[in-house]
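Trainee: What follows is a predicted structure for the sequence shown.
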Amino acid sequence: MNVRDIVSTLEGTLLTGEELLDLDIKAACGADLMSDVMAFVNDGVVLLTGLVNPQSIRTADLMDIRVIVFVRGKVPPKDMVAEAQANGMAVIATRYSMFLACGRLYAAGIRSGGTRDIR
Amino acid sequence: MSPRYEVPGGDLSLAGRASAEVKRAPGRLGVDPAAIKRMAVATHEAEINMAIHAGGGHAEAEIVPGKIVVTLRDEGPGIADLELEMQEGYSTAPEHIRELGFGAGMGLANMKRNADELTIDSTPGAGTTIMIMIRLDTGRT
């Protein structure tokens, strides 16, 4: 599924990252806890989060995450969007809750959680 | 080459700069990106700990043939019980830090997981020095 499909599946708004609309995404991770994103996520996921602060952008950058979705109708401030843009990321805002946003992406074809093995 | 970065205390909105630099700088020299990422993650965890618990400090990165070594030093309160702190899920982070998405008690264990060698030298009341070593020839991802 590409970023364009993610925007439409979530009935979302793309805030930056038009150049990534054709980027293929195979896994998704929903987390408000950036500690867990750093501890569990592998490459190539779309990150869904309700955490709107610069650390969500910085954690994503650290983990090579190129696409972030802010759920629950949260819209990041302009400086956060600018930081994401400078890092070459796409930022999407959706009114869906975390559960429904994850569910919609799963139903639309993203089936991997994109984490390392969890024992 | 051993660049030095200040790690600000308290204000998490500024934390993560050293690890971002660590991640970007050696990439240009053709170093294995997987090794760089492990180093950046381990360094980021250490920086966040330093910002939360120690009021800041500084980080130095050293790139020598075959490995990268990042050393982080602070003059904070030190780690009282390292064995306990290494357990996943154990955290002494305050509530306002947890609200920022951190303080889940994953930091030290995640540093250990990503590093090829990790030494933590901490004296209660006198500060902590952390050395993170990543080998560049392991092919580990």
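Mentor: It's in. Numbering: from 1, shown residues only, chains lettered A, B, ... in the order given.

Trainee: For A:Leu14, which residues are in contact?
Mentor: By Cβ atoms under 8 Å, 6 or more residues apart in numbering or on different chains, A:Leu14 lies in contact with A:Val3, A:Val7, A:Leu21, A:Ala90, A:Val91, A:Ile92. Yep, even glycine has a C-beta here, placed from its N, CA and C like the rest.

Trainee: Would you list the phi and psi of it?
Mentor: For A:Leu14, the backbone dihedrals (degrees, to the nearest 10) come out as phi -80, psi 120.

Trainee: Give me the pLDDT for it.
Mentor: On pLDDT, A:Leu14 comes in at 98.

Trainee: What distance do you get for it to A:Ile92?
Mentor: Going from A:Leu14 to A:Ile92 by Cβ to Cβ, to the nearest Å gives 6 Å.

Trainee: one step back: turn the contacts of A:Leu14 into a markdown table, columns for secondary structure, pLDDT and distance to chain B.
Mentor: Output for those, formatted as a markdown table (DSSP: H, G, I helix; E, B strand; the rest coil; pLDDT from 0 to 100; distance: Cβ to the nearest Cβ, whole Å):
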| residue | secondary structure | pLDDT | distance to chain B |
| --- | --- | --- | --- |
| A:Val3 | helix | 98 | 22 |
| A:Val7 | helix | 98 | 24 |
| A:Leu21 | coil | 98 | 24 |
| A:Ala90 | strand | 98 | 19 |
| A:Val91 | strand | 98 | 16 |
| A:Ile92 | strand | 98 | 18 |
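
Trainee: before we move on, back to that, spit out the residues that contact A:Leu14 and A:Ile92 alike.
Mentor: Taking Cβ under 8 Å, 6+ apart as the criterion, A:Leu14 and A:Ile92 both touch A:Val3, A:Val7.
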